[in-house]
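# I need the structure of the sequence given here:
(one chain, ligands or ions: 1)
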Amino acid sequence: MKLAIMGAMPEEIAPILEKIGTYKTTEYAGNKYYEATYNGIDLVIAYSKIGKVFSTLTAATMIEHFGAQKLLFSGVAGAISSELKVGDLIVATKLSQHDLDITAFGHPFGYVPEGAVFVESDKTLIELSKQVASEMGLHVKEGIIATGDQFVANEERKNWIGSTFGADALEMEGGSVAVVCNALHVPFFILRAISDAADMDASFSFDAFLESSAKTSAEFVMKMVDKIGE
Ligand code: 4EH
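Just a heads-up that it's a prediction; the model follows:
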């Protein structure tokens with residue numbers, strides 16, 4: 001079994017590379033891919049760079065070029081739900097693209113013909129995350145994540161995304177990774193730890209908590225890898 005672990009920013013995969021220690025680095029299509037065997041599982045790890053296009057390229061590369069059969073995403077997100085505070089974890093049940101708009105043709109936000117507003121995450125991986133959460137004595141929220149090519153630092157935009165998609169958190173890569181994995185029949189799991197509340201203080205909060213929240217998410221994902229290897 002070959003497992004992909006991806007993030008968008010270097011900070012999101014740094015704790016994972018640190019834990020693994022030794023790995024083989026390959027450059028491909030403008031990104032670095034790190035391969036290792038960990039607890040008997042073949043891993044390919046990468047950060048994509050920010051946004052839907054780069055994350056699409058990286059997810060597709062991990063699957064088509066490196067042969068990944070499952071994909072776990074680890075990173076940070078802006079909170080929409082008032083239940084979510086900085087450092088809290090959210091597991092995506094399904095994901096959408098909040099900036100996809102052909103509503104001029106009568107379609108709902110997030111929809112294009114032959115696509116779907118939401119892509120659902122793998123239920124088995126979500127179950128596994130619940131086991132890990134209970135073993136760690138952690139509360140992990142399950143909810144909807146909305147993705148778009150915008151760093152949201154605006155209460156109005158955040159509330160619109162929340163009400164239009166029923167979203168609990170937002171970020172810039174999960175929805176595109178979901179589309180790739182769904183199309184290629186690769187089970188996927190998107191985990192995010194909150195770094196900010198997507199409001200006017202978001203950029204300051206993000207800078208202050210990127211590292212710690214990225215670490216929280218990465219540590220949880222590595223517990224899942226441990227469980228997959230059992
Ligand atoms: O990969 C991008 C990063 C922000 S852009 C999406 N990530 C972090 C999640 C995220 C997010 N996305 C949209 C956390 N908070 C978010 C928010 N809106 N409020 C970035 C950050 N630092 C330097 C350069 N770009």
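# any buried residues in the lengthiest helix in the chain, and which?
In the chain, ranked by residue count with DSSP state H as the criterion, the top helix is helix 202-229. By 16 or more other C-beta atoms under 10 Å, the buried positions in helix 202-229 come out as 202, 205-206, 209-210, 213-218, 220-225, 228. (Each C-beta comes from the backbone N, C-alpha and C, glycine too.)
# all helices for the protein, in order.
So, for the chain - with DSSP H - the helices run 10-20, 52-64, 123-136, 155-165, 174-183, 202-229.
# quick one: average pLDDT of the fifth one?
Within the predicted structure, the mean pLDDT of helix 174-183 is 99.
# which residues touch it?
The contact list for helix 174-183 (C-beta atoms under 8 Å, 6 or more residues apart in numbering) reads 6, 52-53, 55-56, 59-60, 63, 71, 73, 92, 94-98, 115, 119-121, 145-148, 186-188, 190, 192.
# just the buried subset of these, please.
6, 52, 55-56, 59-60, 63, 71, 73, 92, 94-98, 119, 121, 145-148, 186, 188, 190, 192.
# which residues of the chain lie near the ligand?
Contact residues (C-beta under 6 Å from any ligand atom) of the chain with the ligand: 8-9, 50, 76-78, 151-153, 170-173, 195-196, 198, 202, 206.
# mind giving me the PyMOL command for buried ones among those residues?
Only the buried entries of the residues of the chain next to the ligand go into this PyMOL selection, using 16+ other C-beta under 10 Å:
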select buried, resi 8+9+76+77+78+151+152+153+170+171+172+173+195+196+198+202+206
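# and the residues of the chain next to the ligand, which of them are in strands?
Applying DSSP state E to the residues of the chain next to the ligand, the entries found in strands are 76-78, 170-171, 195-196.
# which one of the residues you listed is nearest the ligand?
Comparing those against the ligand with C-beta to the nearest ligand atom places G78 closest, at 2.9 Å.
# excluding covalently adjacent residues, which one is nearest to the closest one?
A198 (3.4 Å; C-beta to C-beta, 6 or more residues apart in numbering).
# G21: neighbour count?
When neighbours are counted by other C-beta atoms under 10 Å, G21 registers 8.
# how close does it sit to T37?
11 Å (C-beta to C-beta, to the nearest Å).
# return the residues in contact with A36.
Contacts for A36 (C-beta under 8 Å, 6+ apart) come out as 20, 22-24, 42-43, 45.
# ugh, wrong one, I80
Neighbouring residues of I80 by C-beta under 8 Å, 6+ apart: 146, 158-159, 161-162, 167-170, 198.
# next, it: phi, psi?
phi -110, psi -50 (degrees, to the nearest 10).
# filter the contacts of A36 down to the buried ones.
If you count burial by 16+ other C-beta under 10 Å, the buried members of the contacts of A36 come out as 20, 23, 42-43, 45.
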